[in-house]
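Participant: With the sequence up front, the predicted model follows.
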Amino acid sequence: YAASLALTAAGLAVTGPGRLSLDNALGHAVNRGWMVPAALAVTGAATAVVVGLRNRRVREAAEFGQETLFDEADAVFGK
């Protein structure tokens, strides 16, 4: 799945906006030079927040000794 998303993103980056794109429909009115760095910054910040929240939940689960829903050995051997 990740590879297909990467290939799709690479294809769009190489070909650029086409005739069915939002850019074309709006007449390239929102196509400004500052938008690419701003989009990258927002994406980076959102990613940092999501990863930080996930790491905190994993750390809290480890600290409080939260049990897993099922043990893999039990699922494999039917115990």
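Facilitator: Nice, thanks for sending it over.
Participant: longest helix of this structure?
Facilitator: For the chain, the longest helix by residue count, based on DSSP state H, is helix 35-63.
Participant: Quick one: mean pLDDT for that one?
Facilitator: Taken as a whole, helix 35-63 has a mean pLDDT of 89.
Participant: in it, what counts as buried?
Facilitator: Within helix 35-63, no residue counts as buried by 16 or more other C-beta atoms under 10 Å. In this view, the C-beta of every residue, glycine as well, is placed from N, C-alpha and C.
Participant: what residues are up against residue 42?
Facilitator: Residue 42 makes no contacts at all, as judged by C-beta atoms under 8 Å, 6 or more residues apart in numbering.
Participant: same thing with residue 57?
Facilitator: Contacts of residue 57 (C-beta under 8 Å, 6+ apart): none.
Participant: Nearest to the spatial middle of this structure, which residue is it?
Facilitator: Nearest to the mean C-alpha position of the chain, by C-alpha atoms, centre = their mean, lies residue 47 at 7.0 Å.
Participant: Can you tell me how far that residue is from residue 28?
Facilitator: Distance, residue 47 to residue 28, by C-beta to C-beta, to the nearest Å: 28 Å.
Participant: again, but for residue 4
Facilitator: Taking C-beta to C-beta as the measure, residue 4 falls 28 Å from residue 28.
Participant: Equivalent analysis for residue 13, please.
Facilitator: Relative to residue 28, residue 13 is positioned 17 Å away (C-beta to C-beta).
Participant: Among the two, which residue is more densely surrounded?
Facilitator: Higher neighbour count among residue 13 and residue 28: residue 28, with 12 against 8, using other C-beta atoms under 10 Å.
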